[in-house]
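Undergrad: With the sequence up front, the predicted model follows.
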Amino acid sequence: MSIEEYLRIYRESVSDIYSFWGREASELLWVKPWTTVATGEPPRTKWFIGGALSAYHNIIGRHRDSLVWSKVAVIWEGEEGDARAVTYRELDELASRVASALRARGIRPGDWVVVYTPPVIEGLAVMLAAVKIGAPFEPVFTGFGYWELARRAARRGAKLIFTVDGYYRRGRLVNTLETVRRAVEYSGFKGEVVVIERAGPPSLRSSEVAFRDFTSESSVLVEDYVAESDHPLFGLHSGYLEDYKPITHPTGGFLVQVHSTSKWIGLRPRDTYFCTVWPGWITGVSYVVFGPLMIGSTVVLYDGGPDYPSWDRWWSVIEDYAVTLLLTTSGALRVLSKQGDNYVLKHNLDTLRAILVTAEPLEVDVWWWTYRVVGTGRTPFITSVPGELTGRIPVVNLYIQSEIGTFITGNLVNYTFPPLLPGSAGPPIPGFHVDVVDSDGRSVVENIGELVLREPWPSMLIEYPEEYAEKWRYGYYRTGDYAYSTREGYIYVLGRLDGVVKSSGYRISPGSIEKTLKDLLGVEVAVLKCRDPVRFESIIAICAESPNCSEIKQATRTLLGPIVEPTIVATAPLKTVLELRSSRNAVLEECSLNAINKLLSEGLN
Amino acid sequence: MPRSLTILSVKLERLGFAGLRALYRGVYYCVDPGDLVESVECHYILCSHFHREHCSESSLRALTSSSVVSPLLGTTIKPGDAVRLGDVLVEATSAYSKWSARHPRGAGVGFYVAFPSGLKLYYTGDTELVEELLSTSRRVDVLVLPISGEGVFTPEEAVEAVKSIKPSITIPVHYEDLSAYYKFRDIAQPYTQVVKM
């Protein structure tokens, strides 16, 4: 569509977002319709007041008497090469068995369930089962270590932790159960650990139960829980400067927002959809657990490394399962593009209709590589220039944030698709009043400012930290990201304004690393970030001179997880470390000891 | 390429050119194993017909440890016959070609296999779009069908079979040229979950 047509639709949507989202909400199945679309000032805005609905019925149950019911809901492939498939009917049976077992264990609506698994069908079924009985869930990414898992489970007051015995990455067995056991010991967790068998028959302790036994203990049919709109649906811990803080999304508004955006990004019931992001991060929650299943698509889960046994593994998954939509991260494409074209070109990816990208800025050269090499296809409609890589399908970059819940900018395959600008995160999605502002809150065009939302969105958080409320202080929501807006409204996201690190698509709290190292190693550390050509940003730890500084890499890896391990650890006097921490210097332009030494000498001057 | 696919407690693996092995509760059911019959474990062997890449008559005659079901050897069957192998019910279906002399009517069969776990697997055998196949109204979870066009479905005809049978999953077999797979996959994608094994 033309930019003029897009602008007409977009401007109409944000001229009255309440009517716009009210119309979208009517596509869900409500047990009790809402009486008021929204009320209250942000951040306390509540949506769909008086409305009640079953989240599970809107995700799974709605397909019961349709052709979707016998379709494959999830097809899973492990790194070792074995695959499993479940239809919607079987996924419902599995989730219902888990729901029955949860209820039998005394899990009530509002009780939290923690899921710490790699991409496995049972992990997905647990999240759906929790939704079915009105118990909110928190997925914790397995890249986080036992310290983070323990803190999250404790903060949520979880009664159950679901995990796997282990899983394979690059051919190596990762002992997940051991991490969970350390988390249990550390946190004094009194609940039960349910262990999904993934790597082999585990030998369990008395407070642990095998998933198979857990699900066979009760066969009582559990009714779908009918939730008020603001009932908690799921939560995550979002990275802030000082620490990770819990946030919780509401049932009604989130489902409305995720249903509409899933439809708009191009998902259809006939799609086979491969998302490389697993829940633990907002993209994986919104666009694996909820959106595609609400639409009735088939979801491909790959539980393994992208480079095992070689760098063509994801392309092989696309070829073997006739994948039509790929959702991945800029960081992943950046790495894949550096492996050369041949890994892609030896596969036929002609079923792909679109490539969706998120998590961090997508550089123009990576966009072009993806468009030309991955998106070209092998079967020409007309063989006009044989052999030339011309680009055949769209490569769409979209912006998302945990607090917002879904994508808010990007070209929409099934809705508004004005001409695409490589390197941008596209124009704002209708219904989201996106703007770029200067420090006084004035809109800026063709200039750098902060990305904000001027109006609330349906999935307004129902639980949030003070930092989030603070971001609403001026009447609009500050995302904390630098951005540049073109005259037509295309957004280029440039990175974080604050010290929060974006590394390989993960949002990492520097304060959390500093606190943990202080508590456990007794070292004072300033966590900074540097520009990384592959990961976007990397972590640097400047440690106040101490013999324990040498243990930082190992400690962060074990306690907090491999994704937060600093690339470089340097030492400096305590005074410098404290100064660096309080000033949160800007990103270092390169990740090198030279750059750090330069910073330290400038800091000392 | 996945080395196995498990659905409704049945683990499926490809065997050679057009074959398949299903593992259910410790029992191996091999369909058209070709020469691999001598090297893989099979408790029951289902032979659709006796072309070398499907089943070798001499190899089967030499076997003593497996039960064979086929139009010629072991428990002999013809379209419409049913036989119970352990917990599994196997029905023979029509499989033949009208346009090629390679697969005359009466020489071969397909198999409709019902597992107690609920899985219904339809191995069409070497066939084209014959009336009996198109008129079937039985539920099929996994469809296994040939796509090379050499005395069997062309990729386009195989898609016609998919649209008629409406399986949840389809595993194409019986092709050497990958372009046959791509053509089949690209047309069939909206109607079934294609899995290349």
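TA: Yep, it's here.
Undergrad: The helix or strand harbouring residue A:257 packs against which elements?
TA: Taking DSSP states H and E as the criterion, the element that holds residue A:257 is helix A:251-264. Other helices and strands packing on helix A:251-264, by 3 or more Cβ pairs under 8 Å, 6 or more residues apart in numbering or on different chains; DSSP states H and E, are helix A:17-25, strand A:46-49, strand A:52-54, helix A:55-59, strand A:226-228, strand A:232-239, helix A:291-295. To be clear about C-beta, it is placed using only N, CA and C from the backbone, and glycine gets the same treatment.
Undergrad: Strand partners (parallel or antiparallel) of the fifth one?
TA: The reference is to strand A:226-228. Paired neighbours of strand A:226-228 in the sheet (DSSP bridges): strand A:52-54 (antiparallel).
Undergrad: what comes into contact with the partner strand?
TA: Residues outside strand A:52-54 that contact it (Cβ atoms under 8 Å, 6 or more residues apart in numbering or on different chains): A:28-32, A:61, A:224-229, A:251-252, A:255.
Undergrad: Show the subsequent helix or strand relative to the helix ranked longest in chain A.
TA: If each helix of chain A is counted by residues according to DSSP state H, the longest one is helix A:88-104. Counting by DSSP H and E, the element after helix A:88-104 in chain order, helix or strand, is strand A:113-116.
Undergrad: So what touches that next one?
TA: Residues outside strand A:113-116 that contact it (Cβ under 8 Å, 6+ apart) are A:102, A:107, A:123, A:126-127, A:130, A:135-140, A:142, A:149, A:152-153, A:156, A:158-163, A:176, A:179-180, A:279.
Undergrad: Just want the most central residue of chain B.
TA: The geometric centre of chain B, computed from its C-alpha atoms, lies nearest to residue B:123 (Cα atoms, centre = their mean), at 2.7 Å.
Undergrad: residues touching it, list them.
TA: When contacts are counted by Cβ under 8 Å, 6+ apart, residue B:123 touches B:20, B:31, B:32, B:46, B:48, B:110, B:111, B:112, B:113, B:144, B:145.
Undergrad: which one is the fourth one nearest to, not counting chain neighbours?
TA: Read it as residue B:46. What sits nearest to residue B:46 in space, not counting adjacent residues and going by Cβ to Cβ, 6 or more residues apart in numbering or on different chains, is residue B:31, at 4.6 Å.
Undergrad: Can you check the pLDDT for the one you found?
TA: In the prediction, the pLDDT value recorded for residue B:31 is 97.
Undergrad: For beta bridges, what are the partners of it?
TA: Beta-bridge partners of residue B:31, counted by DSSP bridges, are residue B:20, residue B:46.
Undergrad: What distance do you get for it to chain A?
TA: 19 Å (Cβ to the nearest Cβ, to the nearest Å).
Undergrad: residues in contact with that residue?
TA: When contacts are taken as Cβ under 8 Å, 6+ apart, residue B:31 is in contact with B:15, B:19, B:20, B:21, B:22, B:45, B:46, B:47, B:48, B:111, B:123, B:144.
Undergrad: Farthest pair within those?
TA: Across the contacts of residue B:31, the longest distance by Cβ to Cβ is 15.6 Å; it joins B:45 and B:144.
Undergrad: in the helix holding residue A:257, what counts as buried?
TA: A:251-264 (16 or more other Cβ atoms under 10 Å in any protein chain shown).
Undergrad: do the same with stretch A:50-60
TA: A:51, A:52, A:53, A:54, A:55, A:56, A:57, A:58, A:59, A:60.
Undergrad: which among those gets closest to chain B?
TA: If you rank the buried residues of stretch A:50-60 by distance to chain B using Cβ to the nearest Cβ, residue A:60 comes first, at 16.1 Å.
Undergrad: Please report phi then psi for residue A:466.
TA: When read as degrees, to the nearest 10, the backbone of residue A:466 gives phi -60, psi -40.
Undergrad: and what of residue A:6?
TA: Torsion angles at residue A:6 (phi, psi; degrees, to the nearest 10) stand at phi -60, psi -50.
Undergrad: from what I can see residue B:8 touches residue B:115, true?
TA: Yes - contact criterion Cβ atoms under 8 Å: residue B:8 and residue B:115 qualify, at 7.0 Å.
Undergrad: Residue A:16: how many residues sit nearby?
TA: Look at residue A:16: counted by other Cβ atoms under 10 Å in any protein chain shown, it has 11 neighbours.
Undergrad: Please disregard the earlier target; I meant residue A:2.
TA: Counted with other Cβ under 10 Å, the burial measure for residue A:2 works out to 9 neighbours.
Undergrad: wait, what's in contact with the closest residue to it other than its chain neighbours?
TA: Spatial nearest neighbour of residue A:2, excluding adjacent residues (Cβ to Cβ, 6+ apart): residue A:418 at 6.6 Å. Counting by Cβ under 8 Å, 6+ apart, residue A:418 makes contact with A:1, A:2, A:3, A:5, A:6, A:411, A:427, A:488.
Undergrad: Just give the closest residue to residue B:6, not the sequence neighbours.
TA: Residue nearest to residue B:6 in three dimensions, not counting chain neighbours: residue A:84, with 4.5 Å by Cβ to Cβ, 6+ apart.
Undergrad: Tell me which residues touch the one you found, please.
TA: A:75, A:76, A:121, B:5, B:6, B:7.
Undergrad: In this structure residue A:532 contacts residue A:503, no?
TA: Yes - between residue A:532 and residue A:503 there is a contact at 7.2 Å, judged by Cβ under 8 Å.
Undergrad: Which residues are in contact with each of these two?
TA: With contacts taken as Cβ under 8 Å, 6+ apart, the residues that reach both residue A:532 and residue A:503 are residue A:538.
Undergrad: Off-centre distance for stretch A:242-252?
TA: How far stretch A:242-252 lies from its chain's middle: 13 Å, per Cα atoms, centre = their mean, to the nearest Å.
Undergrad: Stretch B:167-187 now?
TA: Distance of stretch B:167-187 from its chain centroid, counting by Cα atoms, centre = their mean, is 14 Å.
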